Each structure stands twice: as C-alpha cells, then as structure tokens.
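Novice: Using only what follows, build the 3D model:
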Amino acid sequence: MPNDPQHQNPQPGRDLQQAQPVLPGQRREPQAPQHPQHPQPQRYAESRAHRVMDRAADAVWREVRDFPALAAWHPGIASSTAHPGNPRVRDLVTTDGIRLTEALHSVDDTLMTLEYGFVAHPFPLTDYRARMEVRPEGDTRCSVTWTATFRPAEGDGAALAAQFEAGVFVVGLEALGARGRG
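Specialist: Predicted coordinates:
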C-alpha cells in the first residue's frame with residue numbers, strides 16, 4: 001500500500017536530532033532516544049520544610065488559612081492582596097520585587113490543610129502545586145509542613161527546589177513560629 005505509513009521508506013536523516021557542537025575539553029553526554037509517540041515523562045521536583053512551633057495549632061491555622069494575608073507573617077512578602085473579585089486568588093509582591101499570582105485550590109479546616117498553585121510567575125517551571133499542613137502537638141504546640149511539587153522547564157529542578165525550600169518555606173515557617181511569642 002503506497003499510503004500506508006508503516007510501509008513507507010524512511011527519509012534519510014528525518015528522525016535524527018540536531019547535532020550539538022562539543023567544545024574542546026567537553027564530553028558529549030549520551031542522550032536518551034526521543035520517540036514522538038512515546039515522549040520521556042517529565043519528572044517533578046519537590047521542596048519541603050517542616051517546623052515544630054510553640055504555638056497552638058488553631059492560632060497558626062487561622063493565620064495560614066487567611067490566604068490573601070501572607071504578607072502579615074511572611075518576611076519575604078512585601079504585599080499580599082486578594083485578587084479583585086476573587087478572594088481565592090492572591091497577588092503577591094516579594095521584598096525583591098517579584099510579582100506572583102497564586103490560586104487557592106482547596107482548604108480543609110478539619111485537617112488544617114490548604115493547597116494552592118501558581119497562576120502567574122516568572123519561574124522556569126510548570127504545574128506548581130503547594131500544600132501547607134498544620135498538626136497539633138498537644139495544646140500549646142504544633143507542627144507545620146510546607147511542600148511543593150513542580151515540573152522544571154530544564155534539568156531536574158534541584159536548584160529551584162532548594163531556593164523555594166530555603167528562601168520561602170523555611171524563612172516563612174521560622175517567622176510564623178516566632179509570632180505570638182514575646
């Protein structure tokens with residue numbers, strides 16, 4: 001059959017990738033074959049921070065749950081406001097001028113969890129999904145876990161995951177834990 005794609009002769013070089021130049025002193029790393037019908041799955045990167053706080057879980061949860069008010073307790077956020085017309089979307093400006101928009105996906109007051117994701121951001125990633133979870137540790141203590149997963153645009157995302165972890169989550173949890181003491 002002349003129009004049957006399984007019986008057509010391949011075109012020379014049609015399925016070859018563009019060659020990348022190798023500079024003197026560099027090694028060419030082997031590349032996994034790319035098949036248009038079976039693309040390589042893109043891996044997720046993860047950031048995670050956990051902190052035990054000398055604060056009651058209910059008090060911490062009230063602050064975490066107030067989604068548009070992140071700037072009230074996070075020192076890296078200069079402003080945080082509810083998006084006009086939708087309190088489940090917040091517009092953020094960091095202390096170094098980065099503008100972000102995040103949307104709240106779910107809130108569970110019984111489990112004290114919330115999940116949100118990026119709507120607009122300057123980071124080289126997709127599918128960012130974050131979760132905050134507050135757990136009682138007796139009457140006057142709690143633990144908070146802040147995690148995020150995302151697909152990096154390039155590489156394994158380890159450097160970006162480390163930036164979120166150290167520069168956003170750990171700093172924010174330290175500040176949240178320090179509130180109400182003094």
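Novice: so where do the helices sit in this structure?
Specialist: Applying DSSP state H to the chain gives helices spanning 57-65, 158-164, 171-178.
Novice: The first one - what's its average pLDDT?
Specialist: The average pLDDT for helix 57-65 rounds to 97.
Novice: Please point out which parts of that helix sit buried.
Specialist: A57, V60, W61, E63, V64, R65 (16 or more other Cβ atoms under 10 Å). Any C-beta I mention is one placed from the backbone N, CA and C, and that applies to glycine too.
Novice: Repeat that for the shortest one.
Specialist: Taking 16+ other Cβ under 10 Å as the basis for neighbour counts, the residues of helix 158-164 that come out buried are L160, A161, F164.
Novice: Contacts only, for the second one.
Specialist: Spelled out, that is A161. A161 sits next to A45, E46, S47, A148, F150 when contact means Cβ atoms under 8 Å, 6 or more residues apart in numbering.
Novice: Identify the residues contacting the second one.
Specialist: Neighbour list for E46: T147, A148, T149, A161 [criterion: Cβ under 8 Å, 6+ apart].
Novice: Might you list the low-confidence residue ranges for the chain?
Specialist: Along the chain, the model assigns pLDDT under 70 to residues 1-42, 181-182.
Novice: hmm, try it at 80
Specialist: By pLDDT under 80, the low-scoring segments of the chain are 1-42, 180-182.
Novice: ranges for the strands of it?
Specialist: 45-53, 77-83, 86-94, 99-108, 113-120, 125-136, 142-152 (DSSP state E).
Novice: Give me the sheet partners of the last one and which way each runs.
Specialist: Based on DSSP bridges, the pairing partners of strand 142-152 within the sheet are strand 45-53 (antiparallel), strand 125-136 (antiparallel).
Novice: any idea how far the nearest residue to F118 once chain neighbours are set aside lies from T81?
Specialist: Leaving aside its sequence neighbours, F118 sits nearest to Y128 (Cβ to Cβ, 6 or more residues apart in numbering; 4.3 Å). Separation of Y128 from T81 (Cβ to Cβ, to the nearest Å) stands at 20 Å.
Novice: Which of those two has more residues huddled nearby?
Specialist: More crowded of Y128 and T81, by other Cβ atoms under 10 Å: Y128, with 20 against 15.
Novice: Might you report the residue contacts of the more buried one?
Specialist: Applying Cβ under 8 Å, 6+ apart, the residues contacting Y128 are G117, F118, H121, A148, T149, F150.
Novice: wait, what's in contact with the spatially closest residue to P124 that is not a sequence neighbour?
Specialist: Nearest residue to P124, sequence neighbours excluded (Cβ to Cβ, 6+ apart): A153, at 3.8 Å. Neighbour list for A153: P124, L125, T126 [criterion: Cβ under 8 Å, 6+ apart].
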